[in-house]
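In: could you work out the structure for the sequence below:
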Amino acid sequence: MLRTIIVDDEPNARQVIRNILELYCNQVEIVGEAANVKQGLALIKDQKPDLVLLDIRMPDGTGFDLLNKARGLNFRFIIITAFEQFAIQAIKRSALDYIMKPINANELIEAIEKAVITEYRPEAESVKLDNYFYNLQREAHEHRIVLNTLNSIHAVKIKDIIRCMADKNYTDVFLLNGKYLTLSKTLKEFEEILTEHGFFRTHQSHLINIRFIESYEKG
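Out: Residues are numbered from 1 along each chain as shown. Here you go, the predicted model:
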């Protein structure tokens, strides 16, 4: 049996995960649930789980913060999140799998089966996660981002974004076609999404697509 902990700040998400595990994954024993990083860390130290099902964004930090604080503790983990931009970081942290919300029951069941296999065969590779990373790299040039302005919704190719400029709690997104869109998101939010796609923060107020940088003067 895999002693398993669920760490997610959304009660509904925890309920969905718990229902799937109880119905379809008889190899799993749920030994605890946590709603934030602090609770999750305490639970891991107390219960010493084999597996942690881990959300990324939580009120007091991220799933990666929890992993940093839990170094030295022996457990495997699966990332379950609504944000695909953390996939590369998950790979670097040796996640068993990376599941997108809304949660697909079959994907979670397959991930649990992988966890069972790697529990007894530690050398087994995270094939699905590797494939996910490969697909991100292969299709990056066509990857789109949905931008919601006050009056409209735009599906924009990331490669067509030249730069983003902060304006207090708003951000102006400048496009290859000469137009720009103003969105009620901070530049920090765009940085989290776009850094993995070749964007570089040159200034407190500017995030630049490196494909359009010809030179950069420091100072």
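In: mind listing what Ile17 touches?
Out: Contacts for Ile17 (Cβ atoms under 8 Å, 6 or more residues apart in numbering) come out as Ile6, Asp8, Leu53, Ile80, Ile103, Leu108. From N, CA and C alone the C-beta is placed, and that goes for glycine too.
In: ok, now with 7 Å
Out: By Cβ atoms under 7 Å, 6 or more residues apart in numbering, Ile17 lies in contact with Ile6, Leu53, Ile80, Ile103, Leu108.
In: same thing with Ile80?
Out: Ile80 makes contact with Asp8, Ile17, Leu53, Leu54, Asp55, Ile99, Lys101, Ile103 under the criterion Cβ under 7 Å, 6+ apart.
In: buried among the residues you listed? Need that as a selection in ChimeraX.
Out: To isolate the buried ones among those in ChimeraX, judged by 16 or more other Cβ atoms under 10 Å, type:
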select :8,17,53,54,55,99,103
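In: can you add distance to Leu66 and pLDDT and give the contacts of Ile80 back as a markdown table?
Out: Compiled in a markdown table, the contacts of Ile80 are given as follows (distance: Cβ to Cβ, whole Å; pLDDT from 0 to 100):
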| residue | distance to Leu66 | pLDDT |
| --- | --- | --- |
| Asp8 | 11 | 98 |
| Ile17 | 16 | 97 |
| Leu53 | 12 | 98 |
| Leu54 | 7 | 98 |
| Asp55 | 9 | 97 |
| Ile99 | 17 | 89 |
| Lys101 | 18 | 89 |
| Ile103 | 19 | 91 |
